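Got a sequence here, can you build the structure:
(one chain, ligands or ions: 2)
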Amino acid sequence: MDKQINDVIILLCKGISNRRLYFPNHPKVISYAKDFRKELAVFFEMSEKEEFFIGIIDGHFIFNGQRLFGPTVVGRQLIQFMEMLQCGGVSFRKGLTIEDISTFMDLTDGLKTSLKSLQEARELFKQRGIHAITLAGHYSDQTGIDAPDNKRPWEGQEIGGFLQSPTLVYQALFDVVTRAHGDAAYNRELDIDSARSVSEFMLRFTQSNFADVMQYIHYPDYDSYTIGHSVRVSSIAVFLGMKMGWPEESILAMGTAALLHDIGKSKILSEILYKTGSLSDDEFRLIQEHPRVGSELLLAQKEVSPLDIAAAWGHHLRYDGRGYPQKPAWAVRSSPIALLQICDVFEALTAIRPYKQAMDPQHAFSVMIADKGAFHPSLLSVFISFIGIYPPGTYVELSDGRIGMVTGVGKIIDRPQVKITRLYDGTRLVKEDQYDIDLGAMDRTSLSLKVKRLLLNYLDAEQ
Ligand SMILES: [Fe+2]
Ligand SMILES: [Fe+2]
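Ligands and ions are numbered 1, 2, ... in the order given. As a prediction, the model looks like this:
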């Protein structure tokens, strides 16, 4: 049931993000609305309920009193919309029509400023003829839990607050990259300072909870994957910089540059960028322009660092000098860019995209090793040894049937440290009961155990 609830909300969130990319009655938008309605009908039938209620507390979706992890990551736009409506939740009732859903999605795109009160929001819904979707009051009205304010959850936060929640870190990262791409597309000035501050949040968080951060990395986001990709490349690069003992300043600079490295893609038509079929030569050439476009765009910004520009320009350049854009004889590659290029390719191979499944890390490493001359050889081997075959944050099934999250790569590459989250019989352990096993310790408890398989899709393991 949990997985089904997640899927229903994710469908709605995807519909909303597509509504922002396309026009209102675009077939893609309508098909999300239809799928959402279909899945809801299944929910009504199975649960024998008359309504489907999603709450919002502290910038998270809540269902039946539980925080929903996956939908929260992909549902920022819906969460922000609900916050602008001054409401603490939304209820979809049986009898919901496609028109109700499409009008709801249109509103999420059309509303530019917060409304004054929930009453005003309810009036708006009435005026627009939305019947089967109703808005609920804040949780504070009902349960005493503080309602969220209208700010983005990360704005004005001290770094300390972030160390409590990977969701906050991830929402902030997505938010900053989404805004940067939106601003770039409309030739507005970029907020590079924000990119720098969220990089710092990420660095602080990664220092203590890398595995938690990496969990989010595996969350598939099909519709805005340039944004997710930039966030993931940046997280991996920060982790590697940390593992290699680079000075904090350099790691921060690299994290920021990585967040913005594909900014040039904001100037490419989404029809080409997100095309699922094969690209024509002209389309391919257009995509190959993004490093040049991105670096020119960054050059015009005030707060930009030389590394930001170099990363945007050089991240598709190979170690042997091939790749694109064409490298002038005087150009020299720095280690951060060489590392970013490795992280960029690794992320692209191991991520889920609408047109492909994720490749497991071991397979990705063999593809990268086989591509002779593509990568800085010693950086690539350091990269492999730190990420491992079972990277931190991924879920694995052990040979005895227990499931857990990899928390660290040990000395033996296929024997990681694992935090057990499910027992042999599938019982899910609450946080306090989860415990660690170090397969690399080779003691009596771990010797007979090994990793049976990698569970690439986080939801498969956790739901
Ligand atoms: Fe790129
Ligand atoms: Fe990239």
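
if I pick the residue of the stretch 51-200 of the chain found nearest ligand 2, what's in contact with it?
Closest to ligand 2 within the stretch 51-200 of the chain is Val177: 11.5 Å, counting by Cβ to the ion. In short, each C-beta sits where N, CA and C put it, glycine included. Applying Cβ atoms under 8 Å, 6 or more residues apart in numbering to Val177 gives the contacts 195, 227, 230-231, 259-260.

Which members of the residues you listed are the farthest-apart pair?
Pairwise distances among these were taken by Cβ to Cβ; the largest, 12.5 Å, belongs to Ala195 and Ile227.

the more surrounded of the two?
More neighbours surround Ala195 than the other of Ala195 and Ile227, with 27 against 24 (other Cβ atoms under 10 Å).

average model confidence for the helix or strand where that one lies?
Per DSSP states H and E: Ala195 is located in helix 192-217. In this model, helix 192-217 carries a mean pLDDT of 79.

Sort out which residues of that helix are buried, please.
192, 194-206, 209-217 (16 or more other Cβ atoms under 10 Å).

List, one by one, the residues from this structure near ligand 2.
With Cβ under 5 Å from the ion as the criterion, the chain comes near ligand 2 at residues 262, 344.

List of residues touching stretch 125-142?
Residues from elsewhere that reach stretch 125-142, judged by Cβ under 8 Å, 6+ apart: 53, 55, 57, 62, 82, 85-97, 99-101, 103-104, 107, 118, 121-122, 145-147.

from those residues, which would you call buried?
Applying 16+ other Cβ under 10 Å to the contacts of stretch 125-142 flags 55, 57, 62, 82, 85-93, 96, 100-101, 103-104, 107, 118, 121-122, 147 as buried.

Let's verify Val418: helix, strand, or coil?
Taking DSSP: H, G, I helix; E, B strand; the rest coil as the rule, one finds Val418 in the strand state.

With adjacent residues omitted, what lies nearest to it?
Gly404 (4.0 Å; Cβ to Cβ, 6 or more residues apart in numbering).

which secondary structure element contains the residue of the stretch 51-200 of the chain closest to ligand 2?
Applying DSSP H and E, one finds Val177 within helix 166-185.

how far off helix 192-217 does that helix point, in degrees?
For helix 166-185 against helix 192-217, the angle by axes from the mean of the first three to the mean of the last three Cα atoms, to 10 degrees is 130 degrees.

For helix 166-185, buried residues please.
In helix 166-185, counting by 16+ other Cβ under 10 Å, buried: 166-181, 183-184.

Can you give the distance from it to the centre of its chain?
10 Å (Cα atoms, centre = their mean, to the nearest Å).

all helices in the stretch 251-400 of the chain, in order from the N-terminus.
270-273, 281-288, 290-299, 306-314, 335-350, 361-370, 377-387 (DSSP state H, counting those that start in this stretch).

tell me the domain ranges of this structure?
The record assigns the chain these domain ranges, following automatic domain parsing: 2-143, 159-376, 395-462.

Give me the mean pLDDT for the last one.
The one in question is domain 395-462. Here domain 395-462 scores 85 as its mean pLDDT.

Which strands and helices lie in contact with the host helix or strand of Tyr32?
In the assignment (DSSP H and E), Tyr32 maps to helix 27-47. Under the contact definition 3 or more Cβ pairs under 8 Å, 6 or more residues apart in numbering; DSSP states H and E, helix 27-47 sits against helix 2-21, strand 51-57, helix 98-110.

if I read this right, His60 contacts Gln171, doesn't it?
No - contact criterion Cβ atoms under 8 Å: His60 and Gln171 do not qualify, at 9.3 Å.

Spit out the residues that contact those two alike.
Shared contacts of His60 and Gln171 (Cβ under 8 Å, 6+ apart): Thr72.

got the CA positions of the helix holding Val177 in PDB?
The C-alpha coordinates for helix 166-185 follow below in PDB (Å, rounded to 0.1, in the frame of the first residue of the first chain):
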ATOM      1  CA  PRO A 166      18.800  15.300   4.500                       C
ATOM      2  CA  THR A 167      15.400  16.200   3.000                       C
ATOM      3  CA  LEU A 168      16.100  19.900   3.800                       C
ATOM      4  CA  VAL A 169      19.500  19.600   2.200                       C
ATOM      5  CA  TYR A 170      18.100  18.000  -0.900                       C
ATOM      6  CA  GLN A 171      15.200  20.400  -1.300                       C
ATOM      7  CA  ALA A 172      17.500  23.300  -1.000                       C
ATOM      8  CA  LEU A 173      19.800  21.800  -3.600                       C
ATOM      9  CA  PHE A 174      17.000  21.100  -6.000                       C
ATOM     10  CA  ASP A 175      15.500  24.500  -5.400                       C
ATOM     11  CA  VAL A 176      18.800  26.400  -6.100                       C
ATOM     12  CA  VAL A 177      19.500  24.500  -9.300                       C
ATOM     13  CA  THR A 178      15.900  24.700 -10.500                       C
ATOM     14  CA  ARG A 179      15.900  28.500  -9.900                       C
ATOM     15  CA  ALA A 180      19.400  28.900 -11.600                       C
ATOM     16  CA  HIS A 181      18.200  27.100 -14.700                       C
ATOM     17  CA  GLY A 182      14.900  29.100 -14.800                       C
ATOM     18  CA  ASP A 183      16.800  32.400 -14.300                       C
ATOM     19  CA  ALA A 184      19.300  31.400 -17.000                       C
ATOM     20  CA  ALA A 185      16.500  30.500 -19.400                       C
END
